[in-house]
Every structure is written in structure tokens, then in C-alpha cells.
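>>> build me a model from this:
(one chain, ligands or ions: 1)
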Amino acid sequence: MNRIDVRLLRALLKATSGLSLEELSSDTHLPSELLSERIDALIHEGFDIIRHPILGIQLSSTPSRLIPEDIAARVAPETLLATDILVFQETGSTNDACAKLGVDNAQEGTVVFAESQTSGRGRLGRVWSSKSGEGLWFSVLVRPDWPMADWTRLTLCAALAVRNAVAEATGLNPQIKWPNDIILHGRKLAGILLESRPGAAKTGFVVIGIGLNVGQSAFPEPLQSIATSLQIETGRTFRRAGLAASILTRLDAHYAEAKENFPSILAACTAHSFTLGKPVQIQTGNEVVTGVATEFSESGGLVVRHQDGSLRTIDSGEIILPSAG
Ligand code: BTN
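Predicted coordinates for the structure are as follows:
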């Protein structure tokens, strides 16, 4: 049974002071008789709600566990990429869970979160540590109607969404390390794993997997020198639902923008790039490409200038040098 009313939660989250039953009723279009029942349901789920005879009804805290309706209530209402939000306590990989839903015709905007992943993975088959409650581990199902050659653009859309959401929440300046890392103070804060199932328009799909380290207070060796979290960088704790909603809202906007005007996404990624302008060594397939990273290509690849001045576009690869740190 769906116990949490998203409209009510959205109204309570938005309010800057207590609301009367009448105000809540007009905000939510719920009759006041139903409201008390819905408020009780929220309290039952762990939301702290103050009901004061004079000051009105006010939300004072929300649970730290991920709750689909809590995320949905924080996403901008017009957001299409959060049509159906699922939260698993534990799953192998949210990318696999999301891909399975994609094969079963789930709609674009289906999002799968997990509190923990038992086989979370990064690019090149690396293990992605995904302990319970420590971060945001989630995957978004997208069915782009663009040419498949351009689906890789979604990595930059996701990177920009994560980068901007983190910048807004922390006041810090994370950078995008092509193709899929978000770097803060020289260490990796987040990673993106794009996996696609080709198919005709709207039957094929892309799973955008996002891992954001939030609440870790330390990383064990050998991760200590290369990974970081929001808690480590700021000394603060963060509500993951708010961060998730901010990322989804931004991803939705960047996805829409990428269809119309991808150069504007490229310009924003360029402004926050860790990679551009630096000498790089990139492993692509069995080859190592050496040169200076000059710009992003139209499909989200990296253009490298060799010493002799010639240019080469790398569609996917792994930057060996410079490392983040
Ligand atoms: C990388 O840095 O190589 C990408 C890391 C991506 C991790 C996320 S966590 C959610 C989703 N599920 C996975 O198994 N991986 C991605």
C-alpha cells in the first residue's frame, strides 16, 4: 500500500513556516478529513511532524533511509526522468536491476536506487564499493530517440548533473574528469557507468548508473588516496534524498537540452573540466594515446592533439595520466 502522499510531502517540504489544515488542503487538493490520516502515515514512516495549535503543521525532520516518495517529492514537478522510483534495500547492481526493467518495457525515467549493492561495478569491470547508507547508488532508464552514436553524450549530461548538484549542496567546485569521474580536491567523489541495449527508436535503452560517495568517514587502503566522500570533504552530513532529487532534476534538464543544443552542455562541461588543457595518456582498447586534451567532441568524446599537431578523437577510454591526485 502506498502510505506516503507525495503532494502532501512536497507541500510540507516547501513550506518555510507552519501551515494550517486549510492551507495544506488548498496546497494539496486533499480534503482536510483525509489530511490527518495522511499526516499520521508520514509520522508512521519516520517523518517528524509538529502539529501546533497556533504555529500550525510543520515538518521538522525526514528519515535518513531512502524512500521513493521522499525523493519524488523533492524532484521538480515537471521532471520526466523520475517517473517511477524504486528503492531496494540490497541488490547486486542497480544497473542490472534497471536493465532488467528496461527489457520488460519499463518506461523512460524509471529509476532504481539501492541502499547497498553486493556487486556494484565501475567501468572496466572494477568493483564499486556500495555499502548500506553510505552513498547514492542508482540507475536511470533512458530511451533516447537520437542516433545511437550520440548516446555517449549522456555520460557528460550525467557528469554535469552530479557536478552541479554537489556544487550547489556544498559550495565546493567539483570537476569532471572525462569520461565518467567527478573529482573533488584531487580524489574521486563519484563515478558514472553508462550501459546500453541498442534497439529501434524507443525500444533500445541506456542505463545511466551513478555512484556518489556521501557518508563515508574514511576509506580503507588502497582507496584512501584516490576516493573521497561529501562527509570527508565538508565534515557535514547530507540528506541523500535531496541530493538524489537535485541530480535527477538536473539530469532531466540536461537530457532535454542535449537533444536541442548539445554544444551548451559541452560548454558547461568544458568550464568544469579536470581534463581539458592537460597533457594526457589514454588507454583506448590496446592502444595508449598521448597528447594534450583539447576539447570534447560532438558525441562527448575527447579530442587529443598529438605533438605533431594532428588531432584524434577518442570515443571511450581510460585516462592513465594525469591521475586525479
Ligand atoms: C566508475 O567510476 O567506473 C563508475 C562507477 C559507477 C557506480 C554506479 S553505483 C550505481 C550503478 N550500479 C553499478 O553497479 N554501478 C553504478
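>>> CA atoms for contacts and neighbours, from now on please.
OK.
>>> give me the residues contacting stretch 157-167.
Residues outside stretch 157-167 that contact it (C-alpha atoms under 8 Å, 6 or more residues apart in numbering): 172-176, 180-182, 190, 192, 208, 210, 243, 246-248, 250-251, 254-255, 258, 265, 268-269.
>>> of those, buried ones?
With neighbours counted by 16 or more other C-alpha atoms under 10 Å, the contacts of stretch 157-167 contain buried members at 174-176, 180-182, 190, 192, 208, 210, 243, 246-248, 250-251, 254-255, 258, 265, 269.
>>> can you narrow those residues to ones near the ligand?
181, 192, 210 (C-alpha under 6 Å from any ligand atom).
>>> interface residues of the stretch 51-200 of the chain facing the ligand?
Residues of the stretch 51-200 of the chain lying close to the ligand (C-alpha under 6 Å from any ligand atom) are 93-95, 120-123, 128, 137-139, 181, 191-193.
>>> just the buried ones among the residues you listed, please.
Buried residues within those, defined by neighbour count using 16+ other C-alpha under 10 Å: 93-95, 120-122, 128, 137-139, 181, 191-193.
>>> out of these, name the ones that lie in helices.
Among those, the residues falling in helices (DSSP state H) are 94-95.
>>> among the buried ones among the residues of the stretch 51-200 of the chain next to the ligand, which are in strands?
The strands, defined by DSSP state E, take in 137-139, 181, 191-193 from these.
>>> what pLDDT is listed against residue 322?
We have a pLDDT of 76 for residue 322.
>>> now the closest residue to it other than its chain neighbours: which helix or strand?
Distances taken as C-alpha to C-alpha, 6 or more residues apart in numbering put residue 280 closest to residue 322, at 6.0 Å, once the chain neighbours are dropped. Here residue 280 sits within strand 279-284, counting by DSSP states H and E.
>>> partners of the helix or strand following that strand, with directions?
Using DSSP H and E, the helix or strand that follows strand 279-284 in sequence is strand 287-296. The strands beside strand 287-296 in its sheet (DSSP bridges) come out as strand 279-284 (antiparallel), strand 302-305 (antiparallel).
>>> looking at the ones you listed, spot the one closest to the ligand.
Among the strands paired with strand 287-296, strand 279-284 comes nearest to the ligand, with 14.3 Å by C-alpha to the nearest ligand atom.
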